[in-house]
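Q: Starting from these lines, generate the structure:
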Amino acid sequence: MRRSSQNHHPVDLAGVLVLAFLAATVMALLLLGAIEYAYRRLGIGEGALLTLLWLSLFGGLVNVPLVRLAGRARPGIDEIVIFGVRYRLPTLRRDTPTVLAVNVGGALIPTGLSAYLVIKDDIWWQALIGVLVVASVVHAAARPVADVGIVVPGLVSPVLAAGSARSSLPPPPPPPPPQSPTRPAAWAR
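A: Numbering: from 1, shown residues only. Modelled structure (predicted):
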């Protein structure tokens, strides 16, 4: 019996160690208050912060299937042996179907949070321009990989999103004019 390619552990020991390091880093940031500070700046309370964080973490385990795409038919050759004689027969092999799915923790929850912030802060045009820029560059960088799917270099999306968000901020206010040094009342005599 042939083992299915779906029946293997997706993360090896090095991957587990990297994930453990990332989990420890997230916990350290939570303890230091960095994540809470970022969410507070966004206008999200502490209760909603923890709820969103846990939903994102556990939602990463859930994929919602959208479409099942049929596999392509490929010509192949099978060999059979009858009474010691080997025969080569042309066959038509069908690839396994592809399931197009959306990850809850990595797509739906961040999209909902982004929609909330766009509505709350009334930044429709800035968000639209940012999405168009990031989507076009990521589309250009994406490559299909057999038996994996569509892959994008890991830092392309977050760096583009951060740069797009930074460039859409209003310019900072000018610094206040320097004040003339004032003398204490004791020096005025």
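
Q: and residue 144, what does it touch?
A: Counting by C-beta atoms under 8 Å, 6 or more residues apart in numbering, residue 144 makes contact with 150, 151. For the C-beta atoms, the positions are set from N, CA and C on the backbone; glycine is no exception.

Q: pLDDT score assigned to it?
A: According to the prediction, residue 144 has pLDDT 85.

Q: list the buried ones in stretch 57-68?
A: Neighbour-count burial for stretch 57-68 flags 59, 63 (criterion: 16 or more other C-beta atoms under 10 Å).

Q: residue ranges for the strands of the protein, please.
A: In the chain, the strands defined using DSSP state E lie at 63-69, 73-82, 85-94, 98-103, 143-145, 149-151.

Q: Tell me which of these sits nearest to residue 49.
A: Nearest of the strands of the chain to residue 49, taken as C-beta to C-beta: strand 98-103 at 20.5 Å.

Q: before we move on, the earlier item: between the strands of the chain, which gets the lowest average pLDDT?
A: strand 149-151 - the lowest mean pLDDT of the strands of the chain, at a mean of 81.

Q: just for this structure, where's the confidence low?
A: When residues are selected by pLDDT under 70, those of the chain lie in 1-11, 147, 180-189.

Q: any chance you could map the helices in it?
A: With helices called from DSSP state H, the chain shows them at 13-32, 34-42, 46-59, 109-121, 124-141, 156-167.

Q: where's the first one relative to the chain centroid, distance-wise?
A: It refers to helix 13-32. How far helix 13-32 lies from its chain's middle: 17 Å, per C-alpha atoms, centre = their mean, to the nearest Å.

Q: sorry, back to before: looking at the strands of the chain, which is buried most?
A: strand 98-103 (a mean of 13; mean count of other C-beta atoms under 10 Å).

Q: And the contacts of that strand?
A: 59-60, 62-69, 71, 108, 149.

Q: rerun that using 10 Å as the cut-off
A: Identification of contacts with strand 98-103 by C-beta atoms under 10 Å, 6 or more residues apart in numbering yields 56, 59-72, 107-111, 149.

Q: what residues are up against the closest residue to residue 130 other than its chain neighbours?
A: Nearest non-adjacent residue to residue 130, counting by C-beta to C-beta, 6 or more residues apart in numbering: residue 164, 3.9 Å away. The neighbours of residue 164, taking C-beta under 10 Å, 6+ apart as the test, are 126, 127, 129, 130, 131, 132, 133, 134, 137.

Q: of all those, which comes closest to residue 143?
A: Checking these one by one against residue 143 (C-beta to C-beta), the nearest turns out to be residue 137, at 13.5 Å.
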